[in-house]
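**Q** what's the 3D shape of this:
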Amino acid sequence: MAVARVLAFGRLVSITGGSAAYIALVAAIYGETKSALWVSAALFSGVLGSVVSAPYAGWLGDRFDRRRVLIAADVAAAAVATAMALTGQPKVLVPLLGLLAVVQSPFEPASAAALPNLVSPRDVPRANALVAATSSAGFLVGPLLGGVVLGVGASPAALFAVDAATFVVSAALIVSIRRPFGRGSTDEQPGVLAGFRVILRRPALRRLVAAGMASLVGIGIVDVASYPLSLELGGGPEGYGAMTALLGGGGVLGAALAGRVVAAGPSRVLVGGFAAGAGGLALAGVAPVLAIAVVGMGVAGAGRGIGDVAATTLLQVHAEDAVRSRVFAAKEGAAHVAFTVSALAGGLIVEIASARGAFVAAAACGLVAVLVAMRIGSASESPTVQA
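**A** Numbering: from 1, shown residues only. Coordinates of the predicted model:
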């Protein structure tokens, strides 16, 4: 587990910087344009980059040494974040966010695919929980940091520069890990679309991905609606930072809980996570004051943390090492397609139905995810992962 701790710490550092920079990005664009549609455009740029690059991102993780893939992704992301620090115009930041998504895209599938090679099979669920918990901690600290720093008058460019530095730290930590990260094989399952084929052929994976897509449509809507809701509740940028922080930070508790219960049945845990997420978003949407909205976001975040660990474990169980990076990339690509829909629709829903109406719609998406996840079934209950 020592290797998993190093990897998890790297994610903590990188995600903290990225989450703070995201707050800066949204505040800069909304502050300049006063339009939720511009925020939607930024989100769309990011998810479009992720969708387009997803098949190739997974192929890189199965074709080359996964350690090198992770380091290269971090270095490239640092370069793009540096470019973002040098500009403040929405028309430039929006495409740069898309480019950042492209260069980062190989990291997550390669990291998730490598984890079973870095720890013993029985420790994989706990390692997944550790990485998820520290990632959620980054989503907690980063937005709070971003909101506070912007609140005292710092420029968004300063946070973009910090983001670039955190990518460098993450790369250095990966270099320090001496155990082999492994690599897949593009011989038995050739092609950049092999991960999609594996998902389509296996019912448990099809349902897992479909449930995740439904949930992420809701999360994408919330990403657009959170800042306007904070303004409506009198929270301003600081309130928005708190809401976003709790959505991510609630995952610390959720992931910690998941590490204890996933071994007893990951598909059942996944259903519970989706249900908690839907309930939390509904609470935030009807909240009369900011404090209750923040609590709702924390509940939703805890549900996401539980669900993320369960979903990662299920994919590792059902995907052999040779194609595992491409399966994770295919899952991420499908998720980003869902997120693209919500990024396009989120601004329109806010404009037509208000920020509160957007949160109610997001909660309904969570309920759809619950219904789909309930059909994954007992065939997915084995937590044993083969490296």
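**Q** Could you list every helix and strand in contact with the helix or strand where A158 lies?
**A** According to DSSP states H and E, A158 maps onto helix 156-176. Counting contacts by 3 or more Cβ pairs under 8 Å, 6 or more residues apart in numbering; DSSP states H and E, helix 156-176 packs against helix 2-33, helix 66-85, helix 124-151. For glycine as for every other residue, the C-beta is placed from the backbone atoms N, C-alpha and C.
**Q** which of these is buried the deepest?
**A** Highest mean neighbour count among the helices and strands packed on helix 156-176 (mean count of other Cβ atoms under 10 Å): helix 124-151, with a mean of 24.
**Q** Tell me which other helices or strands that helix touches.
**A** If you count contacts as 3+ Cβ pairs under 8 Å, 6+ apart, helix 124-151 packs onto helix 2-33, helix 107-118, helix 156-176, helix 236-261, helix 290-318.
**Q** got the buried residues for the helix holding A158?
**A** Residues 156-157, 159-164, 166-171, 173-174 are the ones in helix 156-176 that count as buried (16 or more other Cβ atoms under 10 Å).
**Q** Out of these, which comes closest to A20?
**A** Among the buried residues of helix 156-176, L159 lies closest to A20 (Cβ to Cβ), at 5.0 Å.
**Q** From A287, how far out is the closest one?
**A** Distance from L159 to A287, counting by Cβ to Cβ, to the nearest Å: 28 Å.
**Q** And for R375?
**A** For R375 relative to A287 (Cβ to Cβ), the value is 32 Å.
**Q** got it, and V69?
**A** In terms of Cβ to Cβ, V69 sits 42 Å off from A287.
**Q** for the spatially closest residue to R11 that is not a sequence neighbour, what are its contacts?
**A** Nearest residue to R11, sequence neighbours excluded (Cβ to Cβ, 6 or more residues apart in numbering): S135, at 4.9 Å. S135 sits next to A8, R11, L12, I15, G251, A255 when contact means Cβ atoms under 8 Å, 6 or more residues apart in numbering.
**Q** next one: L314
**A** L314 touches A204, L205, L208, P266, S267, L270, I376, S380, counting by Cβ under 8 Å, 6+ apart.
**Q** and if we set it to 7 Å?
**A** A204, L208, P266, S267, S380 (Cβ atoms under 7 Å, 6 or more residues apart in numbering).
**Q** V295 too?
**A** Shown in contact with V295 (Cβ under 7 Å, 6+ apart): L283.
**Q** for the one 4 residues further on, same thing?
**A** V299 is in contact with G250, A276, G279, G280, L283, counting by Cβ under 7 Å, 6+ apart.
**Q** Pick out the lowest-pLDDT one from these.
**A** Least confident entry in the contacts of V299, by pLDDT: G250, with 78.
**Q** tell me the angle of the longest helix along the chain relative to helix 107-118?
**A** Using DSSP state H, we find that the single longest helix of the chain is helix 324-373. Here the directions of helix 324-373 and helix 107-118 differ by 100 degrees (axes from the mean of the first three to the mean of the last three Cα atoms, to 10 degrees).
**Q** related to what we said a few turns ago, of the contacts of S135, which one scores lowest on pLDDT?
**A** Model confidence across these bottoms out at G251, which has 77.
**Q** Just give me the neighbour total for that one.
**A** The local packing of G251 (other Cβ atoms under 10 Å) involves 32 other residues.
**Q** same check, this time on the one 4 residues further on
**A** For A255, the tally of surrounding residues (other Cβ under 10 Å) stands at 29.
**Q** Remind me what the longest helix of the chain packs against, helices and strands.
**A** Applying 3 or more Cβ pairs under 7 Å, 6 or more residues apart in numbering; DSSP states H and E, one finds that helix 324-373 contacts helix 36-63, helix 107-118, helix 194-201, helix 203-232, helix 266-286, helix 290-318.
**Q** remind me which residues of the stretch 101-250 of the chain are low pLDDT?
**A** 186-187, 249 (pLDDT under 70).
**Q** returning to what we had before: neighbour count for R375 and A287, which is higher?
**A** Under the neighbour definition other Cβ under 10 Å, R375 and A287 were set side by side, and A287 has more, 20 against 14.
**Q** ok, back up a step: out of the helices and strands packed on helix 156-176, which is closest to S105?
**A** Of all the helices and strands packed on helix 156-176, it is helix 66-85 that lies closest to S105, at 7.6 Å by Cβ to Cβ.
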